[in-house]
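# the sequence isn't on hand, but the structure is:
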């Protein structure tokens with residue numbers, strides 16, 4: 001009996017020590033997941049995946065040349081959805097009919113509801129943008145569309161160089177590429193010394209035919225908001241495409257999905273995720289190896305680009321104004337012009353991807369299951385991508401059907417922040433319908 005009590009006491013002590021050493025996690029799967037996160041985290045600790053809660057802007061990564069303030073964020077929040085800025089369309093009939101949010105719809109994870117977003121030259125909205133089509137008065141060369149699917153803008157503060165090619169921004173991945181910046185009008189903006197997001201938005205306002213100036217801010221009622229947000233800018237420069245883009249960038253940096261179940265779990269709410277979602281997370285950070293590319297708080301990768309061999313947008317049969325010669329098909333290589341970079345694309349963040357009906361830069365997959373099946377098979381589909389450029393991570397994963405189900409549960413539900421409406425304004429000062437304001441969209445959105 002004495003020996004039994006000694007063994008019992010020793011076993012109890014080991015269990016107690018184990019529980020204490022794992023932050024009082026409630027069971028083996030909790031402990032295993034924490035261990036996997038500690039091993040995978042770039043910081044060496046699971047807390048490296050915790051996002052700031054957004055209430056303290058100083059905790060959010062920002063461009064030193066565009067420090068975040070609440071005034072900038074609130075102004076940018078309105079400007080992003082403001083159809084009243086659409087003042088330079090190809091045809092006058094499309095004035096004040098689109099906005100930044102025409103192609104970055106909150107319900108879709110700030111992505112288009114169709115394979116390819118349409119701003120100027122589009123008509124209709126449907127259900128979260130799925131029924132937006134080319135205005136019949138526009139030719140393909142006149143509409144504002146992109147040759148690659150618009151990226152999810154959530155957690156963009158964790159991205160240093162923006163766009164699928166990472167061409168925007170004078171910092172990080174683009175240090176040493178200065179000799180390339182004058183190769184295109186788009187990347188000349190890097191000479192201003194801003195980070196990727198700010199650079200892309202400065203270039204983007206003009207590209208997407210949006211206008212900000214004193215006359216516009218006076219007419220729409222934004223002048224006092226610009227005064228509050230940019231007191232250090234003098235004269236007409238305070239009311240300009242530059243300050244408008246800086247405000248939009250500040251707003252986008254504030255979009256942090258810190259209320260997703262995975263984030264709540266990381267913060268100690270161990271019942272925030274279901275057991276299936278925890279199993280999926282273990283696969284993500286273990287057997288499936290997703291973390292090898294998708295890492296850090298946003299589960300992206302700030303400075304790396306990979307070729308996965310997926311099809312391009314023109315191969316989808318759903319795209320306008322793009323073809324096999326579109327430079328955006330080449331990803332990082334379209335910017336650096338290096339053969340070794342061809343068809344390599346930025347690693348996107350993974351939060352709030354549940355509702356999107358299209359995946360990858362070419363909208364080549366239509367569901368998360370199709371994405372997982374593609375990675376599980378490990379067989380590239382695009383014959384135009386050189387085999388030598390395919391990422392070494394692209395190989396069969398040997399996941400079972402149940403493992404795929406659990407992994408998808410984590411990706412779709414464990415990473416879903418349900419409170420995304422906090423990033424949407426109640427109104428815009430023009431009083432227009434948003435995110436679109438064309439006659440068909442107004443009916444679709446219930447504005448009439």
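Thanks, I have it. All values reported here derive from a predicted model rather than from experimental measurement.

# shaky segments in the protein?
1-26 (pLDDT under 70).

# would you map out the domains in it?
As assigned by automatic domain parsing, the chain contains the domains 27-55+258-414, 57-256+420-444.

# any idea which of these is most buried?
For these, the largest average neighbour count (mean count of other Cβ atoms under 10 Å) is found in domain 57-256+420-444, namely a mean of 20. In this view, the C-beta of every residue, glycine as well, is placed from N, C-alpha and C.

# centre of the chain to that domain, how far?
14 Å (Cα atoms, centre = their mean, to the nearest Å).

# can you check stretch 414-434 too?
The answer for stretch 414-434 is 16 Å, by Cα atoms, centre = their mean.

# what's in contact with that stretch?
Contact partners of stretch 414-434, identified using Cβ atoms under 8 Å, 6 or more residues apart in numbering, comprise 77-78, 81-84, 96, 99, 101, 106-107, 154, 220-222, 254-255, 257-263, 265, 273, 277, 280-281, 299, 350-354, 441-442, 445, 447.

# and what of stretch 182-193?
65, 167-170, 174, 178, 180-181, 199-200, 202-203, 207, 335, 337.

# of the residues you listed, closest to residue 118?
Nearest to residue 118 among those, counting by Cβ to Cβ, is residue 207 at 13.9 Å.

# ok, back up a step: so of the contacts of stretch 182-193, which ones are in helices?
199, 200, 202, 203, 207, 335 (DSSP state H).

# return the closest of those with respect to residue 243.
Using Cβ to Cβ, the ones in helices among the contacts of stretch 182-193 come closest to residue 243 at residue 202, 10.0 Å.

# wait, the closest one touches residue 242, no?
Yes: at 6.2 Å, residue 202 counts as touching residue 242 under the criterion of Cβ atoms under 8 Å.

# quick check: longest strand of the protein.
strand 301-306 (DSSP state E).

# which residues does that strand contact?
158-161, 165-166, 172-173, 293-296, 331-332, 341, 344-347, 391, 393-394.

# am I right that residue 345 is in a strand?
Yes: counting by DSSP: H, G, I helix; E, B strand; the rest coil, residue 345 is part of a strand.

# just checking, it touches residue 334?
No: using Cβ under 8 Å, residue 345 is not in contact with residue 334; the gap is 10.0 Å.

# which residues are in contact with each of these two?
With Cβ under 8 Å, 6+ apart as the test, residue 345 and residue 334 both reach residue 165.

# residue closest to the middle of the protein?
Taking Cα atoms, centre = their mean, the centroid of the chain lies closest to residue 152, which sits 2.7 Å from it.

# list the residues that contact that one.
109, 110, 111, 348, 349, 351, 352, 353, 356.

# nearest to residue 387, of these?
Using Cβ to Cβ, residue 348 comes nearest to residue 387 of the contacts of residue 152, at 23.4 Å.

# ok, now how distant is the closest one from residue 400?
26 Å (Cβ to Cβ, to the nearest Å).

# likewise for residue 337?
Where residue 400 is concerned, residue 337 sits at a distance of 43 Å (Cβ to Cβ).

# one more: residue 373?
Taking Cβ to Cβ, one finds residue 373 at 13 Å from residue 400.

# now the helices for the stretch 251-400 of the chain?
For the stretch 251-400 of the chain, the helices defined by DSSP state H, counting those that start in this stretch cover 261-266, 275-284, 332-336, 368-377.

# and residue 150, what element?
Under the criterion DSSP states H and E, no helix or strand holds residue 150.

# same for the helix or strand encompassing residue 72, what does it pack against?
Using DSSP H and E, residue 72 sits within helix 70-81. If contacts are counted by 3 or more Cβ pairs under 8 Å, 6 or more residues apart in numbering; DSSP states H and E, helix 70-81 sits against helix 223-229, helix 241-253.

# paired strands for the helix or strand following it, with orientation please.
Per DSSP H and E, the first helix or strand lying C-terminal to helix 70-81 is strand 122-123. With DSSP bridges as the test, strand 122-123 is paired with strand 133-134 (antiparallel).

# list the contacts of the strand it pairs with.
Residues contacting strand 133-134 (Cβ under 8 Å, 6+ apart): 118, 121, 122, 123, 124, 140, 143, 320.

# would you point out the most distant pair within these?
124 and 140 (17.5 Å).

# distance from the longest strand of the chain to the middle of the chain?
That offset, for strand 301-306, works out to 13 Å (Cα atoms, centre = their mean).

# neighbouring strands - and their directions - for it?
strand 345-347 (antiparallel).

# so how far is the strand it pairs with off the chain centroid?
So, by Cα atoms, centre = their mean, the centroid of strand 345-347 is 11 Å from its chain's centroid.

# bridged to residue 301, which residues?
residue 347.

# which residues are contacting stretch 207-219?
79, 84-90, 99-100, 119-120, 144, 186, 205, 222-223, 226, 236, 239-241, 243-244.

# start and end of that stretch, how far apart?
Using Cα to Cα, to the nearest Å, one end of stretch 207-219 lies 22 Å from the other.

# and what of stretch 50-64?
End-to-end for stretch 50-64, by Cα to Cα: 22 Å.
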